[in-house]
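>>> Any chance you could fold what I've pasted below:
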Amino acid sequence: MNLENRMSLRSVGRALGLVLLGMGLSHCKGDPDVPDAGVDADVPPAQTMVRDAKLLEVDARQTFLLSVKVDGTYAQALPSGEPSRIAGTAERAVVASDGGAVVLWSPQGEGLGRTVWLWRPGTPAAIALTTRAWSVAHDPGMSFVAFKEYDPGSGMNSVRVARTDTCTFEACPLWTALEVPSRNLSFLAGGTTLLASEGTQAWLIDVPSRTLTELGPTAAYPVLAADGARYALFDAANHVQVFDTATRTLQWEQVWRDEATRKDWHVSNAFMTDGGTLILNIKADRTPETDSVACDATGCRDMEGGLCRNWERSPGVVLCLIDRWLTPNDFTRDAEYLDVTGHVLVDTATTSRASVYPAFSADLRNQAWTVRETQGGARVDTLRWNAPEGTRQAPLEGLVDNVLFTFTPDARQVLFSRVLTPAEGKTEHRLSLWDGEAVSDLAVLKDAPFLNPIPPMVRDNPPTLYMTVTRGDGWPTSVIRVPLP
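From the prediction side, this is the model:
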């Protein structure tokens, strides 16, 4: 099914969660003219790392693996350690830039906050920092963990901070960086700085010095750069102002809205890319119409996007969803992928026919995707690879599924999983590689790739794939490891 789908207004909530629609494990056998090298005999088969579990995290150096079971979160040393329970059930885990600490948090409880843990690799258990967190933030080195806590009794909302070097199994002192009588307090982390806001008020919090600075009014949610070096405020006269965080001096200012054409539009949210471009998601009052604007020191320009965000699957990529309203209750959705300056990498003409999320190399110079078409009543996938030297494509036997489609660490090959139905009719799930010319198979999997909220992870030195698999709907899941050539 194409990624461009027609949806009724009643399905908007579900569509926002899926982002790109209609990708499944359906299968058919095509008629390719691409050579298939078969399973590589030099690559060891898939190894089961932990049973009855789902993948949560593998650190960059591959020293430990985290997985989630029904009764909690488990850690195991790599390459051959046994899983051991370290915390309750976690929804996410983030590893510090040096690999020396991990922050985990639980799913949002009904009417309750999240539990947040700090785990140091090699220790037998994680340290519980709070059970009442409503949002979580941290710096890349994990020197601190911040979270919002709301007290329904007093109506007070607080930004609480734990300095990780002070946390022990016996106690983890918390510091209240800001407290206001409101449910609408929000905050962001950038470097070792926090930017908090409530209504029209905004504050800067320097975590190392514990300094709180009031920034004055802002007409929309303020923005903080990922490194904390710059922040942005909005005034009621349609200006966006970007300041240096250390000195609070104005770096540049632009008018983002033209009163003549967008009189009733407002900024719903905004973010700053790693390239310093400020991207504003804007909305028209009393209509479902949305759009986006990219601003920097040279000015602001309109983008063809209705809802943009930094894309978590590929650092440096911005994903924009574009809703084209056919009637007040019906629209189609496209997707566009941009670089940090707001320029297009993969456009809507590509994504509307793709059956997987596009893959990007680390330098973003290479992009790969699939095109799915119906030929003779059967669905057929064609592999596409866009590189600086040109575009390559190849028809494929079977269908690529939407669980795994990525570049290998050196960007020499595309790694993906596909579904085939041989003549005897039994479905096969294969891990495959495409180098732009031939497709080769790494393994025929005993179990199918599982569509987990945490996607498969590819790590380097040595190149290795970690992935959750399952025998079928309702069956237990396991985490496997596959060496890559």
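>>> So, low pLDDT: which residues of the stretch 251-400 of the chain?
Scanning the stretch 251-400 of the chain with the threshold set as pLDDT under 70 gives 326, 328.
>>> give me that answer again for 90
Applying pLDDT under 90 to the stretch 251-400 of the chain picks out residues 258-264, 284-290, 303-306, 322-334, 347-355, 374-378.
>>> quick one, strands of it?
265-272, 278-284, 290-296, 299-303, 307-310, 318-327, 330-338, 344-346, 359-360, 367-375, 378-387, 390-395, 399-407 (DSSP state E, counting those that start in this stretch).
>>> Out of these, flag the one nearest residue 202.
Between residue 202 and the strands of the stretch 251-400 of the chain, the shortest gap by C-beta to C-beta is with strand 265-272, which sits at 13.0 Å. In this view, the C-beta of every residue, glycine as well, is placed from N, C-alpha and C.
>>> now for that closest one, which elements pack on it?
Packing contacts for strand 265-272, counted by 3 or more C-beta pairs under 8 Å, 6 or more residues apart in numbering; DSSP states H and E, involve strand 223-224, strand 230-234, strand 278-284, strand 307-310.
>>> could you redo the last one with a cut-off of 6 Å?
With contacts defined as 3 or more C-beta pairs under 6 Å, 6 or more residues apart in numbering; DSSP states H and E, the packing partners of strand 265-272 are strand 278-284.
>>> Please tell me the pLDDT value assigned to the residue of the chain most remote from its centre.
Centroid-distance maximum for the chain: residue 424 at 39.1 Å, with C-alpha atoms, centre = their mean. Residue 424 carries a pLDDT value of 74.
>>> In three-state terms, label it for me.
coil (DSSP: H, G, I helix; E, B strand; the rest coil).
>>> Use 803 as the first number from now on
Okay, residue one is now 803; in that scheme the one you just asked about reads as residue 1226.
>>> one step back: next, format the strands of the stretch 1053-1202 of the chain as JSON lines and append distance to residue 986 and mean neighbour count.
Listed next are these as JSON lines, based on distance: least, C-beta to C-beta, whole Å; neighbours: other C-beta atoms under 10 Å:
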{"stretch": "strand 1067-1074", "distance to residue 986": "14", "mean neighbour count": "19"}
{"stretch": "strand 1080-1086", "distance to residue 986": "18", "mean neighbour count": "21"}
{"stretch": "strand 1092-1098", "distance to residue 986": "22", "mean neighbour count": "22"}
{"stretch": "strand 1101-1105", "distance to residue 986": "27", "mean neighbour count": "15"}
{"stretch": "strand 1109-1112", "distance to residue 986": "21", "mean neighbour count": "20"}
{"stretch": "strand 1120-1129", "distance to residue 986": "25", "mean neighbour count": "18"}
{"stretch": "strand 1132-1140", "distance to residue 986": "29", "mean neighbour count": "21"}
{"stretch": "strand 1146-1148", "distance to residue 986": "35", "mean neighbour count": "19"}
{"stretch": "strand 1161-1162", "distance to residue 986": "36", "mean neighbour count": "24"}
{"stretch": "strand 1169-1177", "distance to residue 986": "39", "mean neighbour count": "19"}
{"stretch": "strand 1180-1189", "distance to residue 986": "43", "mean neighbour count": "19"}
{"stretch": "strand 1192-1197", "distance to residue 986": "48", "mean neighbour count": "14"}
{"stretch": "strand 1201-1209", "distance to residue 986": "36", "mean neighbour count": "23"}
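>>> Can you add distance to residue 938 and give those strands back as a markdown table?
Formatted as a markdown table, those follow (distance: least, C-beta to C-beta, whole Å):
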| stretch | distance to residue 938 |
| --- | --- |
| strand 1067-1074 | 17 |
| strand 1080-1086 | 23 |
| strand 1092-1098 | 27 |
| strand 1101-1105 | 30 |
| strand 1109-1112 | 17 |
| strand 1120-1129 | 22 |
| strand 1132-1140 | 27 |
| strand 1146-1148 | 30 |
| strand 1161-1162 | 27 |
| strand 1169-1177 | 32 |
| strand 1180-1189 | 36 |
| strand 1192-1197 | 41 |
| strand 1201-1209 | 26 |
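>>> For the residue farthest from the centre of the chain, give its distance to residue 1247.
Counting by C-beta to C-beta, to the nearest Å, the gap from residue 1226 to residue 1247 is 17 Å.
>>> can you pull out the strands in the stretch 803-952 of the chain?
Counting by DSSP E, counting those that start in this stretch, the strands of the stretch 803-952 of the chain are 807-810, 838-841, 849-853, 856-860, 866-871, 874-879, 886-889, 894-897, 904-907, 916-921, 929-940, 946-953.
>>> Reformat those as TSV; add distance to residue 963 and mean neighbour count.
Shown next, in TSV, are those (distance: least, C-beta to C-beta, whole Å; neighbours: other C-beta under 10 Å):
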stretch	distance to residue 963	mean neighbour count
strand 807-810	41	14
strand 838-841	52	13
strand 849-853	34	16
strand 856-860	23	23
strand 866-871	24	24
strand 874-879	23	20
strand 886-889	20	18
strand 894-897	16	18
strand 904-907	13	25
strand 916-921	12	23
strand 929-940	9	19
strand 946-953	5	21
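>>> Correct me if wrong: residue 888 contacts residue 929.
No - in this structure, residue 888 is not within contact of residue 929 by C-beta atoms under 6 Å, at 10.0 Å.
>>> ok, back up a step: for residue 918, find the nearest of the strands of the stretch 1053-1202 of the chain.
When the strands of the stretch 1053-1202 of the chain are compared by C-beta to C-beta, strand 1109-1112 sits nearest residue 918, at 22.2 Å.
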